[in-house]
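Q: Okay, sequence plus prediction incoming.
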Amino acid sequence: MGAREYDPSLGRWLSADTIVPDPANPQSLNRYAYVYNNPCKYTDPSGHDACAFLGALHWTLGAICSGSVKVIGTHAAFYGKGPDRRGLRTVERNKQAIEAGVGEIEGAELIYTAAGIAVQNQWWLGLSEDIAAGAYRGENPSRGPAQIRDSEMEGISGDQFFMKPAAHAMAAKIQRSIDACDGCSPTDIAIVAAIAQNGFGPGSVDDVQKTYGRSDGFVDWGSYFADLPPSSVSFASDPRRDLFVERTGDMPWNQYQLLMFTNDLQALVNSGWDLPAGVDLDYMRRIASGEAD
């Protein structure tokens, strides 16, 4: 990418990386290193994110980097333009803790919590130093790898900076909204999970069913998202407005959440995670892209 100088005679980088690509990984804290000091396993085509290209453990993430996994959007896989690679790595590394947290909520689907954490974790670690700095300084009320607010930790043992309680809180938040989706189809439930991971609560679910419920029992999600204001309006008074508009392409915020969640859901399915029966990922892609009625 031309951002760093390298001396081939020394076999060393002469300048530091411009970012810490994965604060959760101690290997990435050395900004003079390259791909976690493991070039036999990883490559870094973007200059910002190491991707596995050998071995089966992270083959899906390697496929994402090479472009062989179908994603929504035409740009690099950051902030909804493709799977949240950092978030997905965090989920894969912490699967056991996530399973333990999800197990605290009766009926919760592991893959929905995992996808929600992947979406939120990408924002927490962030390519944007503005957002990352806000999260770390406490200016952002959402905290930790799943971006959980203190109020969402009520009744949950532990701290949201640790994965098991964070997954517990994420699963609880998603399940409350799913439980409010009375008579919903599996795909409707998946869409509710997609936006519930960012705060679409039971009351909002009830409102959507009343306003956009169809005679066949399904929700008219196309009309719902079409009626939402763009991000430039939703964040008009937010100091990060321009950044959000850039990241979202100015699409409605909840539609953007669906886009990110669907990308990550597909990547997890490709990695062998179980998707509930009857969920139409193709329909979710089209809704997220504004292509479905």
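A: Yes, it's here. Residues are numbered from 1 along each chain as shown.
Q: in the protein, which segments are predicted with low confidence?
A: Applying pLDDT under 70 to the chain flags the ranges 1-3, 6-12, 21-24, 38-81, 123-140, 292-293.
Q: Do I have it right that I174 meets Y112?
A: Yes - the pair I174 and Y112 qualifies as a contact (CB atoms under 8 Å) at a distance of 5.4 Å. C-beta here means a position set from N, CA and C on the backbone, and glycine is covered the same way.
Q: joint contacts of these two?
A: A193, Q197 (CB atoms under 8 Å, 6 or more residues apart in numbering).
Q: Nearest to the spatial middle of the chain, which residue is it?
A: V119 (1.1 Å; CA atoms, centre = their mean).
Q: Surely it is in a strand?
A: No - assessed with DSSP: H, G, I helix; E, B strand; the rest coil, V119 is helix; it does not lie in a strand.
Q: so it makes contact with D264?
A: Yes - at 5.8 Å, V119 and D264 qualify as touching, with contact defined as CB under 8 Å.
Q: which residues do the two both contact?
A: Residues touching both V119 and D264 (CB under 8 Å, 6+ apart) are D84, G87.
Q: Do a quick rundown of the strands in the chain.
A: Listed in chain order, the strands of the chain (DSSP state E) span 6-7, 12-13, 42-43, 51-52, 142-143, 148-149.
Q: same for the last one, what does it pack against?
A: By that I understand strand 148-149. Counting by 3 or more CB pairs under 8 Å, 6 or more residues apart in numbering; DSSP states H and E, the packing neighbours recorded for strand 148-149 are strand 142-143, helix 163-180.
Q: same question, the fifth one
A: Taking 3+ CB pairs under 8 Å, 6+ apart as contact, the helices and strands that strand 142-143 lies on are strand 148-149.
Q: Give me the residues contacting the strand it packs on.
A: Contacts of strand 148-149 (CB under 8 Å, 6+ apart): P141, S142, R143, Q160, A166, A169, M170, K173.
Q: How about the third one: which residues does it bridge to?
A: Applying DSSP bridges to R143 gives these bridge partners: I148.
Q: what's around it, how many residues?
A: By the criterion of other CB atoms under 10 Å, R143 has 20 neighbours.
Q: Ok, D84 next?
A: Around D84 there are 29 residues (other CB under 10 Å).
Q: That one against V119, yeah?
A: Yes - using CB under 8 Å, D84 makes contact with V119 at a distance of 5.9 Å.
Q: what residues are shared contacts of the two?
A: M260, D264.
Q: and this structure, what are its domains?
A: Using automatic domain parsing, the domain ranges for the chain come out as 1-54, 55-288.
Q: Identify, out of the ones you listed, the most deeply packed stretch.
A: Neighbour counts (mean count of other CB atoms under 10 Å) averaged over each of these peak at domain 55-288, with a mean of 19.
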